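Chemist: structure for the following, please:
(chains A and B)
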Amino acid sequence: MQDLIRVLTPLPVLLPLLGAAGALLVGRHPHLQRAVSITVLSGVLGVSVALLFLADAQGATSVSIGGWPVPLGIVLVVDRLSALMLVVANTVTLGVLVFAVGQGVADGDETDTPLSIFHPTYLVLVAGVSNAFLAGDLFNLYVGFEVLLAASYVLLTLGGTAGRIRAGVTYVVVSLLSSLLFLAAVGLVYAATGTVNMAQLAVRLGELPAGTQLLLQSMLLVAFGIKAAVFPLSAWLPDSYPTAPAPVTAVFAGLLTKVGVYAIIRTNTLLFPTGALDDVLLWAALATMVVGILGAIAQTDVKRMLSFTLVSHIGYMVFGVALGTTAGTAGAIFYVVHHIAIQTTLFLATGLVERHGGTTNTEKLGGLAKASPLLAVLFFVPAMNLAGIPPLSGFIGKLGLIEAGVAEGGVGPYVLVGGAVVTSLLTLVAVARVWGRAFWRPRAVDTAEDDVPAVRPAAGTATTTEQLQRTRLPRTMVAATAGFVTVTVAITVFAGALYGVADRSATDLRDRTPYVEAVFGSGEVP
Amino acid sequence: MIPTIVLPVVIAGLYAAGVYLLLDRSLTRVLLGFLMLGNATNVLLLSAGGAAGIAPILPVDDESAISDPLPQALALTAIVITFGISAFVLAMIYRSWRLVREEVVQDDAEDLRVATREEIDADERDPEELDPADRGPGDGLSVEAATPSDDVGLGLAGAIEAENESAEARAVGEVGRTRAGGGPDEEGAR
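Modeler: Model (predicted):
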């Protein structure tokens, strides 16, 4: 069993990198390229599921790359948290790839996503995400971040139109700054402790003076906070995400910020378990939730509205982490899993809305529920899930976090619980407005005699519902989105099992010894 | 080992200059600032390895006299990453220049539109009464015909409109150029 894990662990990083090379080689044959990417990502998903079962059965395991003994070489560590994140991340990337392929096939040569570049870059992104989840030392985590960021720069500016370049500049400069901060923090951590191995750091950081610990922790948290879009470091996100092609926005919104959240969870549990900055994080979480959702309500564009809710719901995860209890961490982990799936689904559904109605501006959309009932369902179910309507998984996640907050008690957690409830309500308002305008409101010509306010459709699209009904959506794209909606419902159905895994992950994280023992054995840490 | 004062001074100077340049609106200066910050961080990594010693190539007689090789490896990796990203940023600056003849950070049109809008809830209002700019670009009616100078309440949006038009006049022969002020939906309409 140990041997099997050792063989499987590097594969989520290796396979996509090799696949990227392969996809680049066959760049002139789109069919072959699609086949390569989908095969590779399916393989990675299979490996991740196997890793999750193995890791859940026997706890954390580490692999020394190249056979170098720890702490000299690079270690990859699989524990329950990283395996769970791998499974969710790879499910999402595979599904979005199918959606993107469907879009590419439907658009032919006039595609939004130039195929020859899109597939290799996308696979590199997956490799970077996997590497960040598996990294057993801080510098490898930095490299994982850089790999996924470099790929994301290319994906965000695909096609190089003016809007995307404008958005890309903000995104790239902010990401560069956070990376440099992270790198400087790695340098200082090494200067203070003489190692970058996380298991070794778990022991050595605790021996440092409290002031030094606080400095290192705050530098790491600021760097990860920018990546995770925690207020006040979140302003870059709603400006940069919405301009990208629909599949790219979907995978960015689902995954990239969550890699930052994952890094925050690791920092706060493994490296700095004393919780010196928990209070700061708690208030940052409240500000993230409230400011984010107020921003969402002000928007008229669906993509921008969703980007703001994304910022807002990062606050829930930070809330769970900041509580500093096992229940809080478990709630945060479950919420990460739920939110990755739900945010991706919503962005994909919005991509379909844009295709159908020609725009994502709610002031120019209307009559979609009548024109395409299937699309309406595909948007409605995840939208209600995001708002946390029982019995969907959003409700379960929020309930878990609120319970953890109440169990902790005190002024801060109670205020946060109130903030979480208000944010949930405002999320419902935001998505209900989109629903009411884009789906329920009749289109212009339908209401010529009524006194209902008319909708001005976007230029070049159908003006009546009848015309809209005749435009067909590509089957693969609808199927991919429907698959995602099924996954989000499945998260609800299997919430018990998932919450169990999240609970056990949180227990491991709080205990810390499983991680350290996975790297160094039960003996003394050098 | 005696700590050196030179490295901290160099690091501090590079960081200060880098942050100053990064705050500029001109993208070329932002890139220069990023390069300086990157170099500052590399020197920081190097100084994290402690005082300099002899080259870390085994076998050596006295292992305590060699430099710590790990920070050097980290700095090398960081240099490679900085190099790659700089190339990408340069390409992006060039593309920005080709598109809008500007290499400064641009305002987000959608942000401005939301910020300068008079009333949030447009459901309650007759679209005909709305300010043309609040309806967003390209909504089928002849909103574009209104001259930007008429937008009394929307000085910023009008200025951008005028700026774009002049930029458009200059960028003759550009293929596939979209208006800088256009929202995401404009691309979707294509």
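Chemist: only C-alpha atoms from now on, for both contacts and neighbour counts.
Modeler: Will do.
Chemist: shaky segments in chain B?
Modeler: B:1-3, B:102-103, B:106, B:114, B:117-190 (pLDDT under 70).
Chemist: now do 90
Modeler: Residues of chain B that meet the criterion pLDDT under 90 lie in B:1-8, B:23-28, B:45-74, B:91-190.
Chemist: which element follows the helix or strand of chain A with the lowest mean pLDDT toward the C-terminus?
Modeler: The least trusted helix or strand in chain A, going by mean pLDDT, DSSP states H and E, turns out to be helix A:465-470, with a mean of 61. Moving toward the C-terminus from helix A:465-470, the first helix or strand encountered (DSSP states H and E) is helix A:475-493.
Chemist: quick check: next helix or strand after that next one?
Modeler: helix A:495-511.
Chemist: alpha carbons only: can I get that following helix in PDB?
Modeler: C-alpha atoms of helix A:495-511 as PDB (Å, rounded to 0.1, in the frame of the first residue of the first chain):
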ATOM      1  CA  ALA A 495     -22.500  15.500   2.600                       C
ATOM      2  CA  GLY A 496     -22.200  13.100   5.500                       C
ATOM      3  CA  ALA A 497     -19.300  11.200   4.000                       C
ATOM      4  CA  LEU A 498     -17.600  14.400   2.800                       C
ATOM      5  CA  TYR A 499     -18.100  16.100   6.200                       C
ATOM      6  CA  GLY A 500     -16.500  13.000   7.800                       C
ATOM      7  CA  VAL A 501     -13.400  13.400   5.600                       C
ATOM      8  CA  ALA A 502     -13.300  17.100   6.400                       C
ATOM      9  CA  ASP A 503     -13.600  16.400  10.100                       C
ATOM     10  CA  ARG A 504     -10.800  13.800  10.100                       C
ATOM     11  CA  SER A 505      -8.600  16.200   8.000                       C
ATOM     12  CA  ALA A 506      -9.300  19.000  10.600                       C
ATOM     13  CA  THR A 507      -8.400  16.600  13.400                       C
ATOM     14  CA  ASP A 508      -5.100  15.700  11.700                       C
ATOM     15  CA  LEU A 509      -4.300  19.300  11.000                       C
ATOM     16  CA  ARG A 510      -4.900  20.400  14.600                       C
ATOM     17  CA  ASP A 511      -3.000  17.400  15.900                       C
END
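Chemist: helices and strands around the helix or strand following it, which ones?
Modeler: Past helix A:495-511, heading to the C-terminal end, the next element that is a helix or strand (DSSP H and E) is helix A:513-520. If contacts are counted by 3 or more Cα pairs under 8 Å, 6 or more residues apart in numbering or on different chains; DSSP states H and E, helix A:513-520 sits against strand A:61-64, strand A:75-78, helix A:198-204, helix A:495-511.
Chemist: please identify the most buried of the ones you listed.
Modeler: Highest mean neighbour count of those: strand A:75-78, a mean of 26 (counted as mean count of other Cα atoms under 10 Å in any protein chain shown).
Chemist: packing partners for it?
Modeler: Contact here means 3+ Cα pairs under 8 Å, 6+ apart; on that basis strand A:75-78 packs against strand A:61-64, helix A:115-134, helix A:513-520.
Chemist: with adjacent residues omitted, what lies nearest to A:V96?
Modeler: Nearest in space to A:V96, with sequence neighbours left out and distances taken as Cα to Cα, 6 or more residues apart in numbering or on different chains, is A:P247 at 5.9 Å.
Chemist: helices and strands around the helix or strand hosting A:V280, which ones?
Modeler: Using DSSP H and E, A:V280 maps to helix A:278-298. Packing contacts for helix A:278-298, counted by 3+ Cα pairs under 8 Å, 6+ apart, involve helix A:302-323, helix A:411-434.
Chemist: buried sites along that helix?
Modeler: Neighbour-count burial for helix A:278-298 flags A:278, A:281-298 (criterion: 16 or more other Cα atoms under 10 Å in any protein chain shown).
Chemist: and the helices in chain B, which stretches?
Modeler: Per DSSP state H, chain B carries helices over the ranges B:6-22, B:27-48, B:69-100, B:109-116, B:155-170, B:184-189.
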